[in-house]
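Asker: only geometry, no sequence info:
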């Protein structure tokens with residue numbers, strides 16, 4: 001952004017592992033826990049950088 005506050009618009013994981021688009025900044029939304037079938041647990045697959 002050359003003017004105003006810059007906001008991230010998209011987060012994308014390498015290798016086609018997923019993408020999150022962030023398009024509705026400053027808008028209210030209902031917050032609720034996801035259903036079990038909508039959760040992903042990467043567990044030990046994510047390196048911790050120790």
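Answerer: Thanks, I have it. If you're wondering where the values come from, they're calculated on a predicted model, not measured in any experiment.

Asker: what bits of this structure have low per-residue confidence?
Answerer: The chain contains residues with pLDDT under 70 at 44, 48-50.

Asker: so what's the most centrally placed residue in it up against?
Answerer: The residue lying closest to the centre of the chain (CA atoms, centre = their mean) is residue 20, at 4.6 Å. For residue 20, the contact set (CB atoms under 8 Å, 6 or more residues apart in numbering) comprises 10-12. C-betas here are computed from N, CA, C, even on glycine.

Asker: List just the nearest of those to residue 4.
Answerer: Closest to residue 4 out of these is residue 10 (18.2 Å), distances taken as CB to CB.

Asker: Pull the contacting residues for the closest one.
Answerer: Contacts were defined as CB under 8 Å, 6+ apart; by that measure residue 10 touches 19-22.

Asker: now these as JSON lines including distance to residue 32 and secondary structure?
Answerer: Converted to JSON lines, the contacts of residue 10 look like this (distance: CB to CB, whole Å; DSSP: H, G, I helix; E, B strand; the rest coil):
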{"residue": "19", "distance to residue 32": "22", "secondary structure": "strand"}
{"residue": "20", "distance to residue 32": "17", "secondary structure": "strand"}
{"residue": "21", "distance to residue 32": "20", "secondary structure": "strand"}
{"residue": "22", "distance to residue 32": "19", "secondary structure": "coil"}
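
Asker: Now, of those, which are buried?
Answerer: Taking 16 or more other CB atoms under 10 Å as the criterion, nothing in those is buried.

Asker: now, which of these sits nearest residue 1?
Answerer: For those, with residue 1 as the reference and CB to CB as the criterion, the closest is residue 22, at 13.6 Å.

Asker: shouldn't that closest one be in contact with residue 12?
Answerer: No - the pair residue 22 and residue 12 does not pass the contact test of CB atoms under 8 Å, sitting 11.4 Å apart.

Asker: check contacts around the residue lying closest to residue 19 once chain neighbours are set aside.
Answerer: Spatially, and ignoring its direct neighbours in sequence, residue 19 is nearest to residue 12 (4.6 Å; CB to CB, 6 or more residues apart in numbering). Contact criterion CB under 8 Å, 6+ apart gives 18-20 as the residues in contact with residue 12.
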